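Peer 1: Sharing a model that was predicted from the sequence below.
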Amino acid sequence: MRLDVFTLVPAAFDWMRERRPLAAVLGSALDLHVYNYRDSTPLSAGQVDDDPYGGGPGMVLRVDVVAAAFDAVYGGTPEHRVVALSPQGRQLDQQLVEKLAAEPALTLLSARFEGFDQRILDHLTTDVISIGPYVLSGGEIPALALVDAVARRLPGALSEGSGEVESFSVALNGGLEYPHYTRPAEFRGWTVPEILLSGDHGRIDAWRRQRVRSVS
C-alpha cells in the first residue's frame, strides 16, 4: 500500500516510523509519505487557511491549498481513495479499517482549528471519517489513529496469528476480547482465575468465549 498523509504538522508522524506495527511494514507492505500543505501552497508566506465567510471564530483550510498540494504530488486530483478526517464523517470501526487496509493506495487529509472548506469534502475527497463524537484541535491525532489501525492489518505487521483473535475480529463475532492475565498468579490478594492455570485448553477456550462481550 502507498499511504500519503497531508498535514500542517508532519513531525507528528515521525515517532510512528520507529515503532511497531508501522516499523515492521515500512519499505515492504507499506510506502508512507507525509506532506506539508505549506510546501506547495499558492499563497504567500506559507499561508494555508483563512477566515470563514459569514464571520465567526477560527480559521478554515482553503480549497485552493489542498488542490495545489494534489497538483504537486499527483498532477491533479488522485483517482484512489482520499479520506478527510473530520468529526462530521462516518465513525471509524474495524470493518472500515479492513476495507481501507485492502486499498492499494490511500490519501489522508488532516486540518486544524475550524477544519476544511466544505468544497474540499465535496470535490476532493471520497470519504469523510471521524474517530469519535468529540472535537480535537486538529486532524493529526485521528490521522495517526487511522495510520496505526491500517498498518497493523498489513502483511508482516504482527506476529503470526496475533491479529486473528482480538476485539472486533471475525473469530470473536465482532465482540470485545476476553480478559487477559499474566504473572504473578497472586498479587496483593488479587488472584488469576484458577481455570487459566489448569492447563486444560478446552476449558480455557470455553471460559474465554463465555467472556467475549458484544459491542453495544
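Peer 2: Structure received.

Peer 1: okay, which residue is most central for this structure?
Peer 2: residue 146 (0.5 Å; C-alpha atoms, centre = their mean).

Peer 1: tell me which element residue 32 is part of?
Peer 2: For residue 32, the element it lies in under DSSP states H and E is strand 31-36.

Peer 1: So what are the sheet partners of that strand and their directions?
Peer 2: Partner strands for strand 31-36, per DSSP bridges, with pairing direction: strand 2-7 (parallel).

Peer 1: ok, and what's touching the partner strand?
Peer 2: Defining contact as C-beta atoms under 8 Å, 6 or more residues apart in numbering, one finds that strand 2-7 is touched by 13, 30-37, 66, 69, 73, 104-110, 139-140, 143, 147, 150-151. Any C-beta I mention is one placed from the backbone N, CA and C, and that applies to glycine too.

Peer 1: Can you list the buried residues in it?
Peer 2: Residues of strand 2-7 classed as buried under the neighbour-count rule (16 or more other C-beta atoms under 10 Å) are 3-7.

Peer 1: Next up, the contacts around the residue nearest to residue 36 when sequence neighbours are not counted.
Peer 2: Leaving out its chain neighbours, the residue that sits closest to residue 36 by C-beta to C-beta, 6 or more residues apart in numbering is residue 10, at 5.0 Å. With C-beta under 8 Å, 6+ apart as the criterion, the residues that contact residue 10 are 34-36.

Peer 1: got those as a markdown table, with pLDDT columns?
Peer 2: Conversion of the contacts of residue 10 to a markdown table gives the following (pLDDT from 0 to 100):
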| residue | pLDDT |
| --- | --- |
| 34 | 97 |
| 35 | 98 |
| 36 | 98 |
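
Peer 1: Most neighbours out of the residues you listed, which is it?
Peer 2: For those, the largest neighbour count, defined by other C-beta atoms under 10 Å, is 20 neighbours, found at residue 34.

Peer 1: Let me know whether that one touches residue 16 as I believe.
Peer 2: No - because the distance of 9.7 Å does not satisfy C-beta atoms under 8 Å, residue 34 is recorded as not touching residue 16.

Peer 1: quick revisit: tell me the buried residues within the contacts of strand 2-7.
Peer 2: 13, 30, 32, 34-37, 66, 69, 73, 106-110, 139-140, 143, 147, 150-151.

Peer 1: what are the bridge partners for residue 82, then?
Peer 2: Using DSSP bridges, the beta-bridge partners of residue 82 come out as residue 107.

Peer 1: ok, residue 196 - contacts?
Peer 2: For residue 196, the contact set (C-beta under 8 Å, 6+ apart) comprises 181, 204, 207.

Peer 1: For the worst-scoring helix or strand of the chain on mean pLDDT, which residues meet the burial criterion?
Peer 2: The weakest-scoring helix or strand in the chain, judged by mean pLDDT, DSSP states H and E, is helix 22-25 (a mean of 90). Taking 16+ other C-beta under 10 Å as the neighbour-count basis, helix 22-25 is seen to contain the buried residues 22, 24-25.

Peer 1: Make CSV from the residues you listed and add distance to residue 197 to it.
Peer 2: Conversion of the buried residues of helix 22-25 to CSV gives the following (distance: C-beta to C-beta, whole Å):
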residue, distance to residue 197
22, 36
24, 32
25, 36
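
Peer 1: Identify, from those, the entry nearest to residue 124.
Peer 2: Here the nearest of the buried residues of helix 22-25 to residue 124, counting by C-beta to C-beta, is residue 22; it sits at 25.9 Å.

Peer 1: Please consider this matter closed, and thank you.
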